[in-house]
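1. need a structure here:
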Amino acid sequence: MKNEELTAVKELKERNLSLIAFNGSNRYESDETGIKPILMGLEKDALFFKDMEVYDKIIGKAAAMLFIYGKVKSVFGIVMSRSAQKMLESHGIEYGYETLVDSIINRKGTDICPMEKVVMDIDDIDEAYIQLKERSKELNS
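-> Okay, here's the model as predicted:
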């Protein structure tokens, strides 16, 4: 792991953040859960994450697809699912992780994450963005 990766991962853990993203002087961080901080950035500007290095606590396929949609430079997850890894590889996005898991589980630990279910059978990045935005609105209302 590079020094800046170690620093960002340490900061995620110590400050209990869910996401840190930066490129040069631009920096974005959040303690919001799930894919909410990613959607918040993308709703401000579709290119909000363009060329950013992103560090996230949990990266499943849903998050990976949103990062691809946002044209990130690279991602690092404390936890990453195999489907996220596969998605990032297929789109040529640099990635790293501490722990690789078969799937992302919901907060109760009883089932697969609802956002992962949304994209389970979707490979189109634009379609994934639309569906994830819609499902997020449903869950938050």
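2. sec struct for Lys86, please.
-> helix (DSSP: H, G, I helix; E, B strand; the rest coil).
3. what's around it, how many residues?
-> Look at Lys86: counted by other CB atoms under 10 Å, it has 12 neighbours. In short, each C-beta sits where N, CA and C put it, glycine included.
4. give me the pLDDT for it.
-> Lys86 is assigned a predicted lDDT (pLDDT) of 98.
5. how about the helices in the chain?
-> Using DSSP state H, the helices of the chain run over residues 3-14, 36-44, 61-69, 82-90, 114-119, 125-140.
6. just say which of those helices is most tucked in.
-> Neighbour counts (mean count of other CB atoms under 10 Å) averaged over each of the helices of the chain peak at helix 61-69, with a mean of 27.
7. any idea how far that one is from the chain center?
-> Offset of helix 61-69 from its chain centre (CA atoms, centre = their mean, to the nearest Å): 6 Å.
8. give me the average confidence score over it.
-> Averaging pLDDT along helix 61-69 yields 98.
9. report the angle between that helix and helix 125-140.
-> Relative orientation of helix 61-69 versus helix 125-140 (axes from the mean of the first three to the mean of the last three CA atoms, to 10 degrees): 130 degrees.
10. what lies in contact with helix 61-69?
-> 35, 38-39, 42, 46, 49, 54, 56, 59, 75, 77, 81, 83-85, 87-88, 91, 93, 104, 113, 115-116, 118-120, 122, 125-126, 128-129, 132 (CB atoms under 8 Å, 6 or more residues apart in numbering).
11. ranking the helices of the chain by mean pLDDT, which is last?
-> Among those, helix 3-14 scores lowest, at a mean of 86.
12. all set now, cheers.
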